[in-house]
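Asker: Sequence and predicted structure below; questions after.
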Amino acid sequence: MTDQPIDALTEEQAASEAADLRPQILKWGQQYYDADAPVVEDDVYDRVYARLVALETVFPAIITPDSPTQRVGGSTRGDLPKVTHEIPMLSLGDVFSIAELKEFDERLRSNVEDDFDYNCELKIDGLAISLRYENGKFVQGSTRGNGQIGEDITANLKTIKSIPQTLSRPLTIDVRGECYMPKAAFLALNERREAAGQAPFANPRNAAAGSLRQLDTQVTADRQLATFMYNIADYEPLTTRTQSGLLDELAELGFTTNATYQVAHNMADVAAYIDQYQGKRGDLPYGIDGIVIKANSLPLQRSIGATVKVPRWAIAYKFPPEEVETVVRDIEWTVGRTGIVTPTAVMDPVALAGSTVARASLHNPDYLEAKDIRLGDTVLLHKAGDIIPEISQYVVAKRSADAQPYPVPTHCPSCGAELVHLDEEVALRCINPRCPAQLAEGMNHFASRNAMNIAGLGPQIVSQLFDRKLVDDVASLYRLTTDQLLTLDKFGEKSAQNLLTAIDNSRNNSLERLLFGLGIRHVGAKAARSIAAEFGDIDHLMAADSESISAIDTVGGIIADSVVTYFASDQVQQLIADLREVGVNLTFTGDIPATDSEGQFAGQRVVLTGKLQELTRPEATEWLERHGATVTGSVSKKTDLLIAGEAAGSKLTKAQSLNVPVWNEAQLQAAMDETK
């Protein structure tokens, strides 16, 4: 893209520049809309897109049918059902200055005889959705897609609490709005993803889009999405005839609307609203990237109409990005509680969006390489989604000629063990069970109820044990003495003896508890039991290959590879030797559930959902498995039975859509009583 004024170009020059811009914009758009993984900042995309729009406006003869200016939003996923929008879902035109906003106002008023007001609304940074109601019942939800055809995401939308299943009046309407991820949910999601070795989402908008377009509704449900509804395909079924009134009436029907809207009588009112929320955006619990200005009269909106891409009666004012320059002084590598090693840029402190920032996560080695951040670089820093400090790019002109790419470590910065990539993770991971950075969290898990079940050994005591250097791994727990425990805060003879008794009792646990307690990646309590029952003792398991482990029913290749990688570590092998030395049982002593080969659950796949009143979920699972069932976590065409407790959600909906038989808890209890 050049900076040459467009009015100084010839048509041939404009056509040439436009031809260069289109493939780049299309590629960026695909990464943003379809893959939910943007590679450039929003303002970069907006600036280049605006240049293409300007070129085609001045030289309309150069417009091509495949130009991104002729498209709305993104494409659709091939594995999601399609929905045709009878009334298209359009994008909004963008402006980036008050001067451009005034031009929009003058252009609109020149085509309208009577005076009119605007309605100002926050531009929520999320994914556009459409909700279809028939006689007041929610029947279908979809994405915008390309404006004409979207994706059917009804099942996922039904997991979102702010979307009413039934309206307060039996209307047949199509309501449009935005699905977004609150800032707190976004932060929590990225923490979970990084702890799991997955790439974090770039911003809340892409996190929301990735969550909505999941094929597993449980994933969507877990991500705490929310909605603001702000439009309707056809306003005739409603009583209101203004945009501001529409928001109020939608709220009365049961939708969540954003109450920050304001009717503006002139551009001075609009500018004041922009100033107000540009200053408040960092304090909002959700992300916004601008202000939407709409003609307030709904009949006026209809009479003004739209182009093939955008309505003529509305415009989006995009906030300028708040970026500051700073210098990277160091890159620190830290080990998280799950062993993931994360790089963090340490920078000269700068004021940014209401706080002082001196550190920014670089997430993982792939991210660091893609950004190409080097020591001494001057970088541009902003807050992604108004939340997370993020380096957008280094300043090329200020890079030192002798700056070298930063080397990715091969060994753990905490313990020196060799780092590994598990599965296809983007993260580096330390799997040394004696790594100091992981030991405390690892010991808390080891002592937990579903693992070694050491009563009385909680996080505060574990912290004291490490602070006083009384333990250095889980095996050293079994060498603790009464005198050592008496040095801990608030410990007397009785409490010391109780803890030693609990530790001693745990030596006799069956192997599956130890396997789960070791915290092997992907190995939960159920997989640990299956593996322990299959191999019988730790020695046979450590000698097993991935193929023989993955052959176990319900244990797949990912778990098998993780187990093999774990036990291949020299440090792990030494830990097992130490556990053997202190007398911890290393064999499977549990009961192998007898399978009722002739009973009604033999060979059946069963799913539990909702809250059970008389049974705990583990009790129900254990009984079902003992009577031949395979209990799984998700509903599919292969599911034979769903047992639904109270507040059953998306799994019940999916089971009903697949005609899977559904029992309540009373029916399960009856089956259990009959078996007795």
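Answerer: Ah, there it is.
Asker: Could I get the full set of helices for the stretch 201-350 of the chain?
Answerer: Using DSSP state H, counting those that start in this stretch, the helices of the stretch 201-350 of the chain run over residues 204-212, 217-222, 243-253, 267-280, 298-304.
Asker: okay if I get those helices as CSV plus mean neighbour count and mean pLDDT?
Answerer: Quick note: C-beta positions are derived from backbone N, CA and C, even for glycine. Below are those laid out as CSV (neighbours: other Cβ atoms under 10 Å; pLDDT from 0 to 100):
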stretch, mean neighbour count, mean pLDDT
helix 204-212, 25, 82
helix 217-222, 19, 78
helix 243-253, 19, 96
helix 267-280, 15, 92
helix 298-304, 16, 94
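Asker: Ok, which of the ones you listed comes nearest Met452?
Answerer: Proximity of those to Met452 was assessed by Cβ to Cβ; the nearest stretch is helix 217-222, lying at 28.0 Å.
Asker: just how off-centre is the closest one within its chain?
Answerer: Offset of helix 217-222 from its chain centre (Cα atoms, centre = their mean, to the nearest Å): 10 Å.
Asker: pull the CA atoms of it into PDB?
Answerer: Provided in PDB are the C-alpha atoms of helix 217-222 (Å, rounded to 0.1, in the frame of the first residue of the first chain):
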ATOM      1  CA  THR A 217     -21.900 -28.000  22.700                       C
ATOM      2  CA  GLN A 218     -20.300 -28.700  26.000                       C
ATOM      3  CA  VAL A 219     -17.200 -26.700  25.000                       C
ATOM      4  CA  THR A 220     -19.500 -23.800  24.100                       C
ATOM      5  CA  ALA A 221     -21.300 -24.100  27.400                       C
ATOM      6  CA  ASP A 222     -18.100 -24.100  29.400                       C
END
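Asker: who's in contact with that helix?
Answerer: Applying Cβ atoms under 8 Å, 6 or more residues apart in numbering, the contact partners of helix 217-222 are 155-156, 158-160, 211-212, 214, 633-634, 649-651, 653-654.
Asker: Now rank those by neighbours and give me the top one.
Answerer: Within the contacts of helix 217-222, most neighbours by other Cβ atoms under 10 Å means Asn156, with 28 neighbours.
Asker: who touches that residue in this structure?
Answerer: Counting by Cβ under 8 Å, 6+ apart, Asn156 touches 141, 211-214, 217, 220, 650.
Asker: Check Leu298 too.
Answerer: 235, 240-243, 246.
Asker: repeat for Pro436
Answerer: 414-415.
Asker: Kindly report the same for Glu86.
Answerer: Taking Cβ under 8 Å, 6+ apart, one finds 174, 233 in contact with Glu86.
Asker: Which secondary structure state does it sit in?
Answerer: Following DSSP: H, G, I helix; E, B strand; the rest coil, Glu86 is assigned to coil.
Asker: Please report how far it lies from Gly492.
Answerer: 75 Å (Cβ to Cβ, to the nearest Å).
Asker: Among the contacts of helix 217-222, which one lies nearest to Leu21?
Answerer: Using Cβ to Cβ, those come closest to Leu21 at Leu212, 29.6 Å.
Asker: Ramachandran coordinates for the residue nearest to Met229 when sequence neighbours are not counted?
Answerer: In this structure, Met229 finds its nearest non-sequential neighbour in Gly177, 3.4 Å apart by Cβ to Cβ, 6 or more residues apart in numbering. Per-residue torsions, Gly177: phi -170, psi -160 (degrees, to the nearest 10).
Asker: my guess is Gly177 contacts Phe255, does it?
Answerer: Yes. Contact criterion Cβ atoms under 8 Å: Gly177 and Phe255 qualify, at 7.4 Å.
Asker: Break the protein down into its domains, please.
Answerer: 6-70, 82-318, 324-398, 436-581, 605-675 (automatic domain parsing).
Asker: would you turn those into TSV with distance to Tyr406?
Answerer: Listed next are the domains of the chain as TSV, based on distance: least, Cβ to Cβ, whole Å:
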stretch	distance to Tyr406
domain 6-70	20
domain 82-318	19
domain 324-398	6
domain 436-581	21
domain 605-675	40
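Asker: Ok, which of the ones you listed comes nearest Arg429?
Answerer: Nearest of those (Cβ to Cβ): domain 324-398, 4.7 Å.
Asker: my guess is Phe104 meets Ala316, correct?
Answerer: No. Counting by Cβ under 8 Å, Phe104 stays clear of Ala316, with 10.1 Å between them.
Asker: Which one's more surrounded, the two?
Answerer: Neighbour count, other Cβ under 10 Å: between Phe104 and Ala316, Ala316 has more, with 20 against 17.
Asker: Apart from its neighbours in sequence, what residue is nearest that one?
Answerer: Leu92 (4.2 Å).
Asker: Out of the contacts of Leu298, which is nearest to Arg359?
Answerer: Gln243 (42.9 Å).
Asker: Now do the contacts for the closest one.
Answerer: 119, 294-298, 301.
Asker: Ile461: which of the helices of the stretch 201-350 of the chain is closest?
Answerer: Across these, closest to Ile461 is helix 217-222 (Cβ to Cβ), at 31.6 Å.
Asker: mind checking the backbone torsions on the closest residue to Lys651 other than its chain neighbours?
Answerer: Nearest residue to Lys651, sequence neighbours excluded (Cβ to Cβ, 6+ apart): Thr609, at 4.0 Å. Backbone geometry at Thr609, expressed as degrees, to the nearest 10, gives phi -150, psi 160.
Asker: How many neighbouring residues does Thr609 have?
Answerer: 23.
Asker: And the pLDDT for it?
Answerer: Per-residue confidence at Thr609 stands at 85 (pLDDT).
Asker: Okay, and the beta partners of it?
Answerer: Assessed by DSSP bridges, Thr609 has beta-bridge partners Ala644.
Asker: so what's it up against?
Answerer: Going by Cβ under 8 Å, 6+ apart, Thr609 touches 642-645, 648-649, 651-652.
Asker: again, but for Ser130
Answerer: Taking Cβ under 8 Å, 6+ apart as the test, what Ser130 contacts is 83, 85, 89, 141-144, 150, 174-176, 233.
Asker: tell me the phi and psi of the closest residue to Thr589 other than its chain neighbours?
Answerer: Leaving aside its chain neighbours, Thr589 sits nearest to Ser510 (4.4 Å; criterion: Cβ to Cβ, 6+ apart). Dihedral angles phi and psi of Ser510 (degrees, to the nearest 10) take the values phi -70, psi 160.
Asker: For the closest residue to Gly590 other than its chain neighbours, the count of nearby residues, please.
Answerer: Residue nearest to Gly590 in three dimensions, not counting chain neighbours: Ser510, with 4.2 Å by Cβ to Cβ, 6+ apart. By other Cβ under 10 Å, the residues close to Ser510 number 17.
Asker: Surely Ser510 touches Asn585?
Answerer: Yes. Counting by Cβ under 8 Å, Asn585 is a contact partner of Ser510 at 7.1 Å.
Asker: What count of nearby residues applies to Ala666?
Answerer: Ala666 has 10 nearby residues by other Cβ under 10 Å.
Asker: Make sure it is indeed in a helix.
Answerer: Yes. Assessed with three-state DSSP, Ala666 lies in a helix.
Asker: For Leu615, see how far away it is.
Answerer: 11 Å.
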